[in-house]
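Visitor: Below: sequence and its predicted model.
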Amino acid sequence: MVVTFLLIFLYFAVAVTVALTVLLYVFQCDLLYAAGFPAGSRSTVAKPSQYGLPDKEVVLMTKDGVKIRSYVMIQRGEEVAIQSPTILWFHSHTGNMGHRLPIAQVFYKKFGYNVMMLSYRGYGLSEGKPNEKGINVDAQTALEYITHHPILRHTKLIAFGQSLGGAVALNLVSKNEDKFAALIIENTFLSMTLLIPHALPALRHLVYLCHQTWRSYKAIQNIHRIPMLFLSSLKDELVPPAHMAKLYDTSHTSGVKIWKEFENGTHNDTCMQPGYFEAIAEFGRDNVWDLSDDEKN
C-alpha cells in the first residue's frame, strides 16, 4: 500500500514537473516580453504631435512579412536635417514607442537630433508576436529604412537602447557597425540566462529552458571602433548594475568608452536622474556632432 502510494505520488510529481517545464518553454515569450504592460499598451499609442513633434508614422514591412509601426521625426529643413545626427531608438520590454515620446521631445527639440523609434512586433499597434529572432529582424528593418531614406542615410547614426532595447542595439550594431557613428545603452543585461536568476528567482533552476538568450556580452565583443556611452542606475531592481559594469569591461572598442552612473536611479526612472540628459548631450557633442572647439564649449 505504502509503495503504491509513493509510486503514485512520484508519477504525479514527475507529470507536474514535465507539464510546468513544457509550459515555461512554450510560453516564455509571454513572460519575458510584457507588451501589454501598462494596461492599454497594445491598443493606445501616443502621437508625436501631442508633444509638439512631427507626426510622421511609417509602417515597415519586415522580411518575414510582419508590419511594424515606427515614428520618424526629422528636423525641419533638409540641410539642417542632414547635418543633424539621427537616433535609432529601441525601447525596453514593456510599453510601446509612445511612452518614450517625452524623452524623444528632448532629443528632437533640445539636442536637435532626428529621431526614429519603433514598437517591436507584438508591441503597440505592430503586428505579430515578440521573440528574439523577430525583434532582431525588426531592428534590421528599421536600419534598412534609414539607409535608404533620402535624408537620413546621409546623417550620423546613433543606436540607443534601454534595457531589452540595449540588447537589441548591441546585436544590431555588432552586425552593422559600419552604419553607426555611436552607441548608447542603458540598464542592459549580459544575457537573459544570466538575468533570470535575479529577475525571476523562482525560475533560477529552469534557466536551461530559456531559448530567448540575448547574449549581449558576446555581441559587444564584435563592436570594434565606435564610441559608446553606458548609462547605469545603481539601484536598478531588475537588471543588476553589475551586468552593465561587466558589459563596460567586456567592450574593447577603439572608440571612447564613457561610464555614467546614477546613484539613486532605479530601472525605470534613469531618465529622471540629475545629469542624465547632460551626459547624453555631452557624449553626442564630443563624439558625433561635427563641431568646432568653440561650438563644443
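Guide: Thanks, I have the structure now. Numbers count the residues shown, from 1 in each chain.
Visitor: residue closest to the middle of the protein?
Guide: Central residue of the chain (Cα atoms, centre = their mean): residue 165, 0.6 Å from the mean position.
Visitor: SS state for the nearest residue to residue 121 once chain neighbours are set aside?
Guide: Excluding the flanking residues, the one nearest residue 121 by Cβ to Cβ, 6 or more residues apart in numbering is residue 128, at 3.4 Å. Bear in mind the C-beta positions are built from the backbone N, C-alpha and C, glycine included. Recorded secondary structure, residue 128: coil (DSSP: H, G, I helix; E, B strand; the rest coil).
Visitor: ok, now how distant is residue 128 from residue 201?
Guide: 30 Å (Cβ to Cβ, to the nearest Å).
Visitor: more crowded one of these two?
Guide: residue 128 (19 against 9; other Cβ atoms under 10 Å).
Visitor: picking that back up, residue contacts, the residue nearest to the centre of the chain?
Guide: Listed by Cβ atoms under 8 Å, 6 or more residues apart in numbering, the contact partners of residue 165 are 89-92, 186, 188.
Visitor: Let's see that with 10 Å instead.
Guide: By Cβ atoms under 10 Å, 6 or more residues apart in numbering, residue 165 lies in contact with 89-93, 100, 117, 120, 135, 139, 159, 185-188.
Visitor: Restricted to helices, list the residues you listed.
Guide: 135, 139 (DSSP state H).
Visitor: which among the contacts of residue 165 end up buried?
Guide: In the contacts of residue 165, burial by neighbour count holds for 89-93, 100, 117, 120, 135, 139, 159, 185-188, counting by 16 or more other Cβ atoms under 10 Å.
Visitor: Touching, the residue nearest to residue 121 and residue 65? I think so.
Guide: Yes. At 8.9 Å, residue 128 counts as touching residue 65 under the criterion of Cβ atoms under 10 Å.
Visitor: Strands along the stretch 51-200 of the chain, start to end?
Guide: 57-61, 67-73, 86-90, 114-118, 157-162, 182-186 (DSSP state E, counting those that start in this stretch).
Visitor: Direction included, what does the fifth one pair against?
Guide: Think strand 157-162. Using DSSP bridges, the strands paired with strand 157-162 in its sheet are strand 86-90 (parallel), strand 182-186 (parallel).
Visitor: Within its local environment, how many residues does residue 278 see?
Guide: Neighbours of residue 278 using other Cβ under 10 Å come to 10.
Visitor: what about it, distance to residue 192?
Guide: Taking Cβ to Cβ as the measure, residue 278 and residue 192 are separated by 32 Å.
Visitor: How about residue 31?
Guide: In terms of Cβ to Cβ, residue 31 sits 11 Å off from residue 192.
Visitor: With residue 63 instead?
Guide: Distance from residue 63 to residue 192, by Cβ to Cβ: 24 Å.
Visitor: That concludes my questions; thank you for your assistance.
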